[in-house]
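*Asks:* sequence first, predicted coordinates after that:
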Amino acid sequence: MTKRAPIVLHDTDTIAILPDGAKAGDDPLGIGKPLSAPIRAGHKIARQDHSAGDFILKFGQIIGKATEDIAAGTHVHSHNFAFSSYGQDYQIGCDLDLAKAAIPALEARSFLGYRRANGQVGTRNYIALCATVNCSASVIRMAAQELAASGALDAYENVDGVVAFAHGSGCGMNNKGTGFDLLERVLWGHATHPNVGAAIFVGLGCEVMQIAHMKHVYDEHQADRFHGLTIQETGGTRATIDAIKAKVQELLPEVNKAQREPCPASELKIALQCGGSDGFSGITANPALGVTSDLLVGLGATAILSETPEIYGAEQLLLRRAASPEVAQKLLDRIHWWENYVELHKGSLDNNPSPGNKAGGLTTILEKSLGAVAKAGATPLTAVYGFAEQVTAPGFVFMDTPGYDPVCGTGQIAGGAHMIVFTTGRGSAYGSKPAPTIKVATNDALFAAMPDDMDINCGDVLSQGVSLADKGAEILEMILAVASGEKSKSEALGLGDNELVPWQVGAVM
């Protein structure tokens with residue numbers, strides 16, 4: 001097979017990407033400088049000479065500095081360049097008019113969803129068991145497992161299942177402050193999620209995150225959807241498992257009454273996420289998902305970008321299209337919070353990319369972030385939310401989360417995301433409930449290697465010349481199909497029961 005030419009993403013880039021890699025002795029740039037060692041697919045090669053200290057550009061942006069002299073035609077990676085300062089001369093809102101013009105004018109679309117009594121629209125219909133503390137994690141898991149094994153749900157075709165939202169927190173923590181608030185938002189966000197028909201909170205009885213405290217946020221008009229019990233008051237482990245199962249069986253006939261009906265696509269809230277990224281992420285899958293993001297905005301729906309540590313170095317691209325100075329300031333506040341947070345713990349925001357990211361061709365967080373932000377499309381940034389806050393604004397929005405996939409997904413779902421579209425280049429076995437995950441491969445090799453995990457292949461953007469516009473439209477069609485009940489690959493595998501991971505901030509005591 002003839003090797004494809006190096007990819008140059010912007011005229012000012014000082015590097016090119018090798019889509020098929022290269023062997024020792026190859027001269028990828030055709031400049032009479034054969035390689036002394038092989039280079040893997042997705043990695044970078046210098047387009048020009050660099051002196052030590054020179055900036056290296058990709059996407060037309062700074063991705064780091066050369067740590068030694070780099071000759072044209074040389075492999076550019078962790079051995080010869082590193083994270084550096086980058087442009088922070090923010091021009092807030094300067095591209096807002098262009099961003100508004102990027103919103104496509106589309107005819108209304110619909111999907112088959114569940115219309116809730118409170119006006120919410122769901123894409124799934126689960127019964128949720130929510131542990132308020134790690135001490136009640138086992139009883140809810142056992143109850144869910146025993147119900148599934150018994151066949152108790154078989155007669156209820158409109159119920160997607162009983163899902164146990166267990167976690168490792170809820171006690172040994174302050175009873176107020178950031179950590180407490182984050183956990184409360186996660187628990188309440190999952191219990192009240194539009195994809196949940198009824199929820200049961202289960203506690204031990206003496207923990208910090210008390211069920212009695214949770215009741216102060218109960219919506220009086222939805223009291224029949226939320227229930228609670230504790231192990232200590234119910235009579236111990238076995239008695240509590242049996243009580244949970246009895247309550248679920250009591251709730252099943254009512255939850256099963258929900259029927260799918262046509263709902264406007266404008267109701268959808270879709271989380272954008274990437275994990276196990278590689279050198280192709282910012283070339284194929286992420287920009288294709290950016291097209292989908294713009295299409296969602298054009299339909300009046302919501303696209304939620306997250307992973308603050310993984311937009312670091314690319315935040316200026318979002319600030320340029322912030323809908324207002326207030327929205328821009330909220331994003332900057334979160335960037336500064338993260339800078340202080342990692343400094344406090346003697347870390348660095350350049351701890352990312354991971355070893356797998358680097359093996360796939362990414363070198364610094366600046367490079368990774370610029371590729372990750374491609375998921376955001378080109379429309380205005382209309383709102384910025386804290387972790388697990390309820391997302392209410394339509395359009396393209398941002399939620400502050402860690403880059404760690406399970407924590408990020410937990411926050412996005414708690415905020416109301418109906419599903420997650422997850423791009424990956426190295427491969428991922430992530431799945432989620434009650435909101436399903438669609439996984440998008442960045443390259444042909446991954447799509448072929450993990451066929452049971454990958455829903456969509458974006459490798460054909462390079463190998464077959466499929467346009468980003470067509471690929472973005474393909475992703476949108478799958479979103480609408482999954483919203484209407486079609487199972488994603490991760491759902492078919494049964495993934496999602498162990499991926500609720502609240503963000504723990506603060507002292508564990």
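*Replies:* Thanks, I have it. All of these numbers come straight from a predicted model, not from anything done at the bench.

*Asks:* distance-wise, check Val421 relative to Leu476.
*Replies:* 10 Å (CB to CB, to the nearest Å). C-beta: built from backbone N, CA, C; applies to glycine.

*Asks:* the two: who's more crowded?
*Replies:* Neighbour count, other CB atoms under 10 Å: between Val421 and Leu476, Val421 has more, with 29 against 25.

*Asks:* helix, strand or coil for the residue lying closest to that one once chain neighbours are set aside?
*Replies:* Distances taken as CB to CB, 6 or more residues apart in numbering place Ile438 nearest to Val421, at 4.9 Å, with adjacent residues excluded. Taken by DSSP: H, G, I helix; E, B strand; the rest coil, the conformation at Ile438 corresponds to strand.

*Asks:* show me the contacts for Ile438.
*Replies:* By CB atoms under 8 Å, 6 or more residues apart in numbering, Ile438 lies in contact with Met419, Ile420, Val421, Phe422, Asp455, Ile456, Ile475, Met478, Ile479, Val482, Ser488.

*Asks:* now those in CSV, with distance to Thr237?
*Replies:* As requested, the contacts of Ile438 are exported to CSV (distance: CB to CB, whole Å):
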residue, distance to Thr237
Met419, 34
Ile420, 33
Val421, 39
Phe422, 36
Asp455, 39
Ile456, 43
Ile475, 45
Met478, 42
Ile479, 41
Val482, 37
Ser488, 34
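
*Asks:* and which of those is nearest Ala131?
*Replies:* Ile420 (22.0 Å; CB to CB).

*Asks:* show me the beta-bridge partners of the closest one.
*Replies:* Judged by DSSP bridges, the bridge partners of Ile420 are Ala271, Thr437.

*Asks:* give me the pLDDT for it.
*Replies:* In this prediction, Ile420 carries a pLDDT score of 98.

*Asks:* give the buried residues for stretch 480-492.
*Replies:* If you call a residue buried by 16 or more other CB atoms under 10 Å, then stretch 480-492 has these buried ones: Leu480, Val482, Ala483, Ser488, Lys489, Ser490, Glu491.

*Asks:* could you list the low-confidence segments of the stretch 101-250 of the chain?
*Replies:* 215-224 (pLDDT under 70).

*Asks:* what ranges do the strands span in it?
*Replies:* 110-115, 121-122, 126-131, 161-165, 196-203, 226-230 (DSSP state E, counting those that start in this stretch).

*Asks:* so which of the ones you listed gets nearest Asn443?
*Replies:* Among the strands of the stretch 101-250 of the chain, the nearest to Asn443 by CB to CB is strand 110-115 (29.4 Å).

*Asks:* which elements pack onto that closest one?
*Replies:* Applying 3 or more CB pairs under 8 Å, 6 or more residues apart in numbering; DSSP states H and E, one finds that strand 110-115 contacts strand 121-122, strand 260-264, helix 468-483.

*Asks:* what angle do it and strand 260-264 make?
*Replies:* In terms of direction (axes from the mean of the first three to the mean of the last three CA atoms, to 10 degrees), strand 110-115 departs from strand 260-264 by 120 degrees.

*Asks:* give the pairing partners of strand 110-115; include direction for each.
*Replies:* The pairing partners recorded for strand 110-115 under DSSP bridges are strand 121-122 (antiparallel), strand 260-264 (antiparallel).

*Asks:* just the ones you listed: most buried one?
*Replies:* Comparing those by mean neighbour count (mean count of other CB atoms under 10 Å), strand 121-122 ranks first with a mean of 22.

*Asks:* what sits up against that one?
*Replies:* For strand 121-122, contacts defined as CB under 8 Å, 6+ apart pick out 113-116, 193-197, 258, 263, 267, 418.

*Asks:* okay, now the domains of the protein?
*Replies:* For the chain, automatic domain parsing gives the domain ranges 1-85, 116-260, 266-492.

*Asks:* can you pull up the bridge partners for Ile7?
*Replies:* Ile17.
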